[in-house]
Structures are given as structure tokens and as C-alpha cells.
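Visitor: Predicted model follows, preceded by the sequence.
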Amino acid sequence: MLLRVLKGQGYRCLGPTLESGAIVMRELQSASALPRGLQAEQAPAHYRLIPDPQNRYFAWANGPQAIKPQVFAAEESLWRVGRDDQGKLQFEAVMADIPPVAIIGVRACDLAALSLQDAHFLREGRRDAQYASRREQLLLVAVQCAEPAATCFCASTGDGPTPLAGYDLSLAELAEGFVVVAGSEKGRGVLVALNLSPATLQQIDAARQQGEVAAAAQTRSLPARNLRDALMSRLEHPRWDEVAARCLACGNCTAVCPTCFCHAESDEPALDGQSSLHRRTWDSCFGESHGHLHGFNVRPDIRSRYRQWLTHKLAGWHDQFGRSGCVGCGRCIAWCPVGIDLTEEVAALTAGEQP
Amino acid sequence: MSAPNRIDAGAPHAATVVARTQESPTIFTLQLRLDDAAEQAAYRFAPGQFNMLYLVGVGEVPISIMSDPEERDVIGHTIRAQGRVTQGLAALQPGDRVGLRGPFGRGWPLQEMSGRDVVLVTGGLGCAPVVSVIHYVLRRRERYGKLVIIQGVKHAEDLIWREHYDRWAKLPNTQVLVAASQGAALWPWHVGRVTELFSLARFDPERAVAMMCGPEGMMRVAAENLLARGLPESHLHLSMERNMQCAVGRCGHCQFGGAFVCRDGPVFNWSEVKTLLAHRGF
């Protein structure tokens, strides 16, 4: 029903589907493609889908990606250069034609991360044209988390598990159906078209309680305070060496992190040498080239790269964006091949500190 | 299109090599002019700022601007052939085409320099941002007190613009102190670390402003020396280098603590960066 209305309004619909043993956002043809009856069991370096005894549609906490690839594309073209008949260079911006896109099943952590990406890419006076063109076309259908994974800690970062803001529609899944809330004019338009019966007070209360239970069920946490000074005063802490010995510098954490924004720019010259396409791709501060400077590397070892990532996420972000860059989704924990746990590293680094 | 005076958003703008000078076996200077005359006329920058230069099919590289800000005809860049892009730029000849975006970042605090002694410290080959200040001061000599130029290089043959240093050393109220870790035949200056020369520098710390550029280790030692002589921290500035790909604080490579070096720098006051500079690997 929701899909039919959204498609009727011209949206390309993305939603959760089962692929290669994980929940990923793909084009959704019908509600029957939803991963009904599955929960996502997550732990450090662990992600398994297991049966949901209540056979719900949205009992899985999250998958490796949600909104980020739809607004900050993993690779895209920025501009093209060619030559006119006098040999002068001609530059032109390359803009993809983006249709309206609805994403169904985004979580509170994803919405919080999107607002951070907005703060970065849509900064006053420096809007990123590619990001803005994708962002404007987005309609977001959020879902309250009822079954947080063991890696989730959004309650401690203040970002979930009930969607707080930034959605067009928000769903809470109850045994008897969905409680739907509109969060924008676009969302209200869809809600009216759905022609639903009003939720009862009991249903609204049940949804609220479900969120409270999910928050209380979370087993990991980050300290709620600003960690900047605690981390920046421990830049030579022995724990950095210890975590560097385990970290593979593979960059999985930065790829699944919904707030990481680093990207590399590169050229794709045409074979005839007459034109070239300038592109950007996701980059990672764990990579060899991220700290490359003429003739040497600013961050030559894994210790300095892990420290760059963690101190940027939890310290530098406060200076740049007025809050921490972590929204408690736990993806970096589940998708780390060696199971490095950000909350555990923070606890070790700040142990003995008086809050 | 219209002629914005900041051509930094989106794609580069077409420019042509007007002149090329070989400064040393690996260092060269390109004088560029924007193809659009209105863009060139409207282009303004402050010493210490940089441009992104684009070589077709290869990529972009951040290069500080070394020409005088009142020179409106061309934009000068002194470059060392080191990586993929700069080695390609080295092969360009007058008439060849490049792309240009800029200027970016925060330049030197020229207003603050006015009426003061000016101490310039550079090391290695990172001298271009500071050389632009030397030219700037010399063309407006009456506005400033003593000018002290302290330059260190690894090998004697790394010193480019050697005839300039000879000439500057003869100017009134100007002191030139040069050191090479490894000397060479007929090397007239100090052999050893540049930081050994600080005690010779003659300036009034109370009314001086100092600017540094070069390897971070050298700048840390230089800062210790200058501050120990009584230079107020607020009058000590430096130019930082990091990997830069977008130049507008977006791509993330140049993050230094909470700062984006491309946007918040490359020129910083010492107090803004001293804590992190003490740690290797940032």
C-alpha cells in the first residue's frame, strides 16, 4: 500500500532486502521482498540473520549501509575537461540526473548521521552540488527499532532508537500493524493518500513503550559527555599501540560508518588524450594515500591512522560540527574483521578519568 | 560567464602558461594567466594562499602563490617536480594549458606586520610561501622595521634564488642568515642546522612578527627559539602542509584536529596548532 502510493507519486523506492546474508537497501518491487521474520544478530566481527519469533517486517536492527550511499555516492563524476579547436581547455560540471527516491526502513541512527552529512556537504556558502541534488530528491520512511543488536548504542549518543527528527514518515511496528507519524509536508501528503484509520491512544502508547524498552535493552554505550579533551590529552596513551597491533587498516569501519565523509579525487582520461573526467570516490583515513604528502606520509603507521579516525570522530567533530561524529549505530564494531569495539577502545583510553 | 573574484567552486578555470623559469634542477616557476580576461582582471589573493593547479588527465595539486598580490597580469607558482602532477607540470612550456582553482585558505597576517620587525624562517624547499612575503615587504619597505630572513636547506645546492639572498643581504635594515646541513664549494653561509643561527638574528622581539614555513620539526625548534627570545606567541605564525584534494574543507585529507588545513589554514597562529604539532602522526 505504502509502496503503491510512493510509486504513484513518482518515487523510485529503495528498501531493505536480503542479499548475501545481510540486509541491504535495494530497489523494492513489492512488500513481499521485505526481509520479514528476520533479526540481525550482531557482535564484534559478527553479523548473522536469525529468525524473528514474532515474524515482524523490521525486527532487524540495521545492515551495513542505509542512507549514505544514496546522498554521498561511493563514486561519481564531478566535472569533465576537453579542448576547443584552438586547444583551449573547456571545463564543464557533470551532474547526474537524480529521480525522486524514497528509502523505506531507515533507522534513527541513520537519520542522525544524515543530519551530520548535511552539515558537512551543505555547509552555508559551500554546498556540494552533487550531494545537494541527491539530498533534495529524498523521501525518508523511518522505522522505530524494537530489536536493537548487541552492537547498538544509539541511546547513549542520544540519537535513537525511536526516530527523533529528519524523517518524512516514521513507522512503529506493533503486533497488530503500524503506527505511522508524518514528519514533513511531503510525509503528510503520503499519509493522507494512505487513508489509514487513526491510531488509538493505546497503540501510540505501545509504540512509545516499545522505544523505551529497546533503549533499555542496549548493552553498549559511549559516555554521554564531550570526549574531546579526554582523548586529546591521551594522544600518547599505550592503548593506541595496542589497538594498532590488532587493526588491519582495512577501512571497513570508515566504509560502513554513516558519517565518514572522506573522499579522494582522481582523473579518468579518455584514450585519445583529448578529454578527461574528474571523479571522486570514498576514501579512508586508514589507507596509505590519505596522509600522503610530497615524498613522505604524515600518518605512516596504523597507530596514527586509528588515532586520526577515533579522535576525529569523537573529538574533532565537536569543533567542526558542534557534536560528536558517532551516532551509535555500531556498524564499525560488527563489520570490523577483527572485532575492534569503539566503545571498548574509548573506555580503555579514558579509564581512570573523572567524568 | 560572469567574472567571480573567487573561482574556487566546482570545476577549474582554463589558464595558459605565460612564462616558465627553471630555478634549480627540480624546481621551476610557472607564470599563469586565466584565459578569460575578465576572470584574470578580477582575480585577487593574499600572500600565503594557494591555488589548485590541474594538469589535464592527471590531476590537481595545491601550490602556494608566490607572485605579488598587486601583480594583476599573471599568477606565479614555484613548484618542485616530485609527484605525478608536478612532474607533468614541469614539462609544460609557454602556451601550454592548465586548469586553476583558487585562491584558497587563509594567508599571512599582513595587517599585523605593519610597523613591525619581520622575521621569516624557512626550511627545506618549503620556501615559496615565505618568499612571497619577502617580495611583499621589499616592495613596501617603508612600512616595516627590520627584515630578518632565516633559511635552512639540507644540501647547499637546494638553495634556489641564491642571487636573491646575496642581494637581500646587502639591503639596509635587512639580515640574511642561511644554513646548509651539508655545504659545498664556495658556500658562503653557515654549515649546520638553521636553528644554530637564531642567536645571530637581530630584531626586537617585543615589536616583531615571525612567519615560518617548512618541515614541522624545524618549525618546532624555531618556535622554541623565538619564544625564548621574548616574541609573543600571538605574533608567531606558520604555514602548514597536508594532503589536499578539494581545497574547500570537504574531502577530509587535511584534517588536523578540528581544523581543515586547506580552509582554516594553511597559515595558522602558533597557539592554534602548537599542541598537536608536538605529536607525530597528525
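Guide: All right, it came through fine.
Visitor: Whether stretch A:287-305 contacts chain B - can you check?
Guide: Yes: for stretch A:287-305, a contact with chain B is found by Cβ under 8 Å from any Cβ of the partner chain, at A:289-295, A:298-301, A:303-304. C-betas here are computed from N, CA, C, even on glycine.
Visitor: which one of those residues is nearest chain B?
Guide: residue A:304 (2.9 Å; Cβ to the nearest Cβ).
Visitor: Can you read off the pLDDT for that closest one?
Guide: The per-residue pLDDT reported for residue A:304 equals 96.
Visitor: where's it relative to residue A:298, distance?
Guide: Residue A:304 sits 8 Å away from residue A:298, going by Cβ to Cβ, to the nearest Å.
Visitor: now swap in residue A:234 and tell me
Guide: 20 Å.
Visitor: Low-confidence stretches in the chain?
Guide: Reading this off chain A. Filtered on pLDDT under 70, chain A yields the residue ranges A:353-355.
Visitor: try chain B instead
Guide: B:1-9, B:125-126.
Visitor: domain ranges for it?
Guide: B:13-104, B:110-231 (automatic domain parsing).
Visitor: any idea which helix or strand carries the nearest residue to residue A:94 once chain neighbours are set aside?
Guide: Among residues not flanking residue A:94 along the chain, residue A:77 sits closest, at 4.2 Å (Cβ to Cβ, 6 or more residues apart in numbering or on different chains). In the assignment (DSSP states H and E), residue A:77 maps to strand A:75-83.
Visitor: tilt between the very next helix or strand once past that strand and strand A:75-83?
Guide: With elements assigned by DSSP H and E, the helix or strand that comes after strand A:75-83 is strand A:89-93. Interaxial angle, strand A:89-93 versus strand A:75-83 (axes from the mean of the first three to the mean of the last three Cα atoms, to 10 degrees): 150 degrees.
Visitor: still on that earlier bit, quick one: closest of the domains of chain B to chain A.
Guide: domain B:13-104 (3.3 Å).
Visitor: Start and end of the closest one, how far apart?
Guide: 14 Å (Cα to Cα, to the nearest Å).
Visitor: Distance from that domain to the middle of the chain?
Guide: The chain centroid and the centroid of domain B:13-104 are separated by 14 Å under Cα atoms, centre = their mean, to the nearest Å.
Visitor: coming back round to it: can you list residues touching both of residue A:304 and residue A:298?
Guide: A:291, B:281, B:282 (Cβ atoms under 8 Å, 6 or more residues apart in numbering or on different chains).
Visitor: quick one: secondary structure of residue 29?
Guide: Unless you meant another one, I'm taking chain A. coil (DSSP: H, G, I helix; E, B strand; the rest coil).
Visitor: Please refer instead to chain B.
Guide: strand.
Visitor: can you count the residues close to it?
Guide: 18 (other Cβ atoms under 10 Å in any protein chain shown).
Visitor: How about residue A:256?
Guide: With other Cβ under 10 Å as criterion, residue A:256 counts 22.
Visitor: Over to residue B:24?
Guide: Neighbours around residue B:24, by other Cβ under 10 Å: 14.
Visitor: Help me confirm that it is found in a strand?
Guide: No: applying three-state DSSP, one finds residue B:24 to be coil, outside a strand.
Visitor: The strand holding residue A:77 pairs with which strands, and in what direction?
Guide: strand A:89-93 (antiparallel), strand A:276-282 (antiparallel) (DSSP bridges).
Visitor: mind putting the domains of chain B in JSON lines, distance to residue A:184 included?
Guide: Converted to JSON lines, the domains of chain B look like this (distance: least, Cβ to Cβ, whole Å):
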{"stretch": "domain B:13-104", "distance to residue A:184": "36"}
{"stretch": "domain B:110-231", "distance to residue A:184": "47"}
